[in-house]
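[1] predicted structure and sequence below. I'll ask about it afterward.
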Amino acid sequence: MSGRLMFLSACIHGSLWIRNHLQYGLPILGPQKETSGVATLSVLGIIVLTSLRPVRRLFYQAFFV
């Protein structure tokens, strides 16, 4: 549950950050900090999606170690 809340917080933060950059005409991607943030949010999104019960149930062999 805490991972999903962290993902929700990151999505809210990212959307507000993008809105701020669009409002002031700043580039969204550019310096290493912004690119790392987008990549980290993508990886976190993949982790959250693969942690959902229906996905784990369908692909249990990939998660069964």
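    That came through, no problem.
[2] residue 55 reaches residue 48, doesn't it?
    No. Counting by CB atoms under 8 Å, residue 55 sits too far from residue 48 to count as a contact (9.9 Å). The way it works is simple: take the backbone N, C-alpha and C, and place the C-beta from them, glycine included.
[3] mind checking which of the two has more residues around it?
    Counted by other CB atoms under 10 Å, residue 55 and residue 48 do not tie: residue 48 has more neighbours, with 17 against 14.
[4] phi, psi for the more buried one please.
    phi -70, psi -40 (degrees, to the nearest 10).
[5] and the residue nearest the centre of the chain, what element?
    The centre of the chain sits closest to residue 41, judged by CA atoms, centre = their mean, with a distance of 2.8 Å. Following DSSP states H and E, one finds residue 41 within helix 32-51.
[6] that older thread, for the residue nearest to the centre of the chain, give its distance to residue 53.
    Distance check for residue 41 against residue 53: by CB to CB, to the nearest Å, it reads 22 Å.
[7] and what of residue 32?
    For residue 32, the distance to residue 53 equals 36 Å [CB to CB].
[8] now do the buried residues in the helix ranked longest in the chain.
    When the chain is scanned for its longest helix (criterion: DSSP state H), the result is helix 2-23. Buried positions in helix 2-23, judged by neighbour count with 16 or more other CB atoms under 10 Å: 7, 10.
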